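Colleague: sequence and predicted structure, then a few things I'm wondering about:
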Amino acid sequence: TSLQSASVLTRVIAGILVSKAIAVFVGPVGLALIGNLRNFVSSFQNIATLGFYNGAVKYISEFKDNVVGLSKTLSTVFYIGFLSTIIVSFFCYFNANLINDIIFPTYNNYAYIIKIFAIVLPFYALNMFSFSIMNGFSKYKILIIINIIGQILSVSIALLLIYQNKIDGALISVVIAEAIIFLITLVGIINRKSLVSLIKVNNVSFGFLKKMSSYSLMALFTAVILPLVALAIRSYIIENVSYKDAGFWEAMTRISKYYLMFVSSLMALYILPRFSEIDDAKEFKKEVFSFYKTVMPILALGLIVIYFLRPFVVSIIFSDEFAPVEDLFLWQLLGDFVKVLSIVIAYQFLAKKMFWHYILTEAFLVVILYTTSVYFIDLFDGVKGAVIAHFVSYVMYYGIILLIF
């Protein structure tokens, strides 16, 4: 847990340093472009790896003492994942101009950035495959250390690129950051060379692929759709308000992501494994209320402190040019509080593989998030509408989750 805390802290500091560099050298307009690219990269990375990560970790840990089962798992994940990554890479490379027009509306030609992304994508996929092996074999320590070193390396390269090439450097750093970590992961998996002989084409199992499919679809749905919705909302702000305001919304989203990292890492470390082992409804409710009683008051207090310190938060992470972001805090913080309340219960769907519960509630959230954003942006004639929509969407989503609960 202390190593995990160090990892989260490193990620937060790395994120703040990069945000500061973007604010100083690029400004709000550049931040909006970077936000769109980041969402695109996140979605297509997940499409390329077919959402295999969680399923792979589960089955590798299940079969680590069963050579046949382990060989089927590793072979299927490696070859199917590799094939899908190559298809996505080719698609991105040869459609770079089309993608450029979608994610960088009315702006310079950044098709070459998309081509760089297509070239480094297989390294990202190999990195995730290596991570799933280490996670499956419970090599948590080495995994977290790799993450920490990777973050430090990525942020160093990002800062150098932003300093030298401004917006172009920032965009390049977004597409190469995850692939760089593979260089360090490579060192971590060298001592697992014995597994290479288990990866065989004739051990690819479609029966196993079918077993993995529900994990993959659940992982893919959120990991692909939510970033694309964020991209669509930001593009709507760009078209109907301004690039600058889209940058302010992206700045608020980043601040939100930094403080929620602590909550999400706590959930991944404790809530998900704990919910997986609970079979009794009464026990599950007891666990949820226990989380509400212990963690939520601390979170509420933290959010209140952030609200009152918002001028300092904005000037520390960004710059004085981002002062309008202060007006977005109230609704974003309220929305994030309700979001955590609902996600704690929604984790049950993942832990218990409740496929349709998960897909339908997530689909509801995605639709409501986009429609309310468009409605409130038009109603308030500005970016404030997007954060109000964030709050309203999560209140409605929480209502649905509570009904199921």
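Modeller: Happy to help now that I have it.
Colleague: longest helix in this structure, by residue count?
Modeller: Taking DSSP state H as the criterion, the chain has its longest helix at helix 140-189.
Colleague: helices or strands next to that helix in the packing?
Modeller: Counting contacts by 3 or more C-beta pairs under 8 Å, 6 or more residues apart in numbering; DSSP states H and E, helix 140-189 is packed against helix 2-25, helix 27-48, helix 111-136. Where you see a C-beta, it was placed from the backbone N, CA and C, and this is true even at glycine.
Colleague: right, and the helix or strand after that helix?
Modeller: Using DSSP states H and E, the helix or strand that follows helix 140-189 in sequence is helix 206-240.
Colleague: so for that next one, what gets flagged as buried?
Modeller: 208-209, 212, 215-216, 218-238, 240 (16 or more other C-beta atoms under 10 Å).
Colleague: one step back: quick one: mean pLDDT over the longest helix of the chain.
Modeller: For helix 140-189, mean pLDDT rounds to 83.
Colleague: cool, stretch 330-338 as well?
Modeller: Per-residue scores along stretch 330-338 average to 95.
Colleague: list the contacts of that stretch.
Modeller: Applying C-beta atoms under 8 Å, 6 or more residues apart in numbering, the external contacts of stretch 330-338 come out as 252-253, 255-256, 259-260, 296, 299-300, 303, 306-307, 384, 387-388, 390-391, 393-395, 398.
Colleague: mind listing what's buried along it?
Modeller: Buried residues in stretch 330-338, counting neighbours by 16+ other C-beta under 10 Å, are found at Trp331, Gln332, Leu333, Leu334, Gly335, Asp336, Phe337, Val338.
Colleague: so who does the residue nearest to the second one when sequence neighbours are not counted touch?
Modeller: When you say that, I think you mean Gln332. Nearest residue to Gln332, sequence neighbours excluded (C-beta to C-beta, 6 or more residues apart in numbering): Val387, at 4.7 Å. By C-beta under 8 Å, 6+ apart, the residues touching Val387 are Trp249, Met252, Leu328, Leu330, Trp331, Gln332, Gly335.
Colleague: one more: Lys58?
Modeller: Gly136, Tyr215.
Colleague: enumerate every residue touching Ile34.
Modeller: With contact taken as C-beta under 8 Å, 6+ apart, Ile34 is in contact with Ile22, Val26, Ile167, Ala170, Leu171, Val174, Glu250.
Colleague: so it versus Asn46, what's the distance?
Modeller: 19 Å (C-beta to C-beta, to the nearest Å).
Colleague: Ile116 too?
Modeller: Counting by C-beta to C-beta, the gap from Ile116 to Asn46 is 19 Å.
Colleague: burial count for Gln403?
Modeller: No Gln there; residue 403 is Leu. Here the number of neighbours of Leu403 (other C-beta atoms under 10 Å) works out to 8.
Colleague: and what of Gln151?
Modeller: Neighbour tally, Gln151, other C-beta under 10 Å: 20.
Colleague: wait, isn't it in contact with Leu9?
Modeller: No: Gln151 lies out of contact with Leu9 (C-beta atoms under 8 Å); the separation is 9.9 Å.
Colleague: tell me the buried residues in stretch 11-21?
Modeller: Arg11, Val12, Ala14, Gly15, Ile16, Leu17, Val18, Ser19, Lys20, Ala21.
Colleague: CA atoms only for that stretch - export them in CSV, please.
Modeller: Extracted in CSV, the C-alpha atoms of stretch 11-21 (Å, rounded to 0.1, in the frame of the first residue of the first chain):
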residue,chain,number,x,y,z
ARG,A,11,1.5,10.3,-11.1
VAL,A,12,-0.1,13.3,-9.5
ILE,A,13,3.1,15.3,-9.3
ALA,A,14,4.0,14.2,-12.9
GLY,A,15,0.6,15.4,-14.1
ILE,A,16,0.9,18.7,-12.3
LEU,A,17,4.3,19.4,-13.7
VAL,A,18,3.2,18.6,-17.2
SER,A,19,0.0,20.8,-16.7
LYS,A,20,2.2,23.7,-15.5
ALA,A,21,4.5,23.4,-18.5
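Colleague: tell me the pLDDT at Phe322?
Modeller: Residue-level pLDDT assigned to Phe322 equals 91.
Colleague: do the same with the one 3 residues further on
Modeller: Reading off the confidence values, Val325 has pLDDT 92.
Colleague: again, but for Tyr107
Modeller: Tyr107 is given a pLDDT of 66.
Colleague: same check on Ile34?
Modeller: pLDDT at Ile34 comes out at 91.
Colleague: what of the one 3 residues further on?
Modeller: According to the predicted model, the pLDDT of Leu37 comes to 91.
Colleague: give me every residue that touches it.
Modeller: If a contact means C-beta under 8 Å, 6+ apart, then Leu37 has Ile103, Phe104, Tyr110, Ile113, Leu171, Val174, Val175 as its contacts.
Colleague: burial count for the third one?
Modeller: Tyr110 sits with 21 neighbouring residues when counted by other C-beta under 10 Å.
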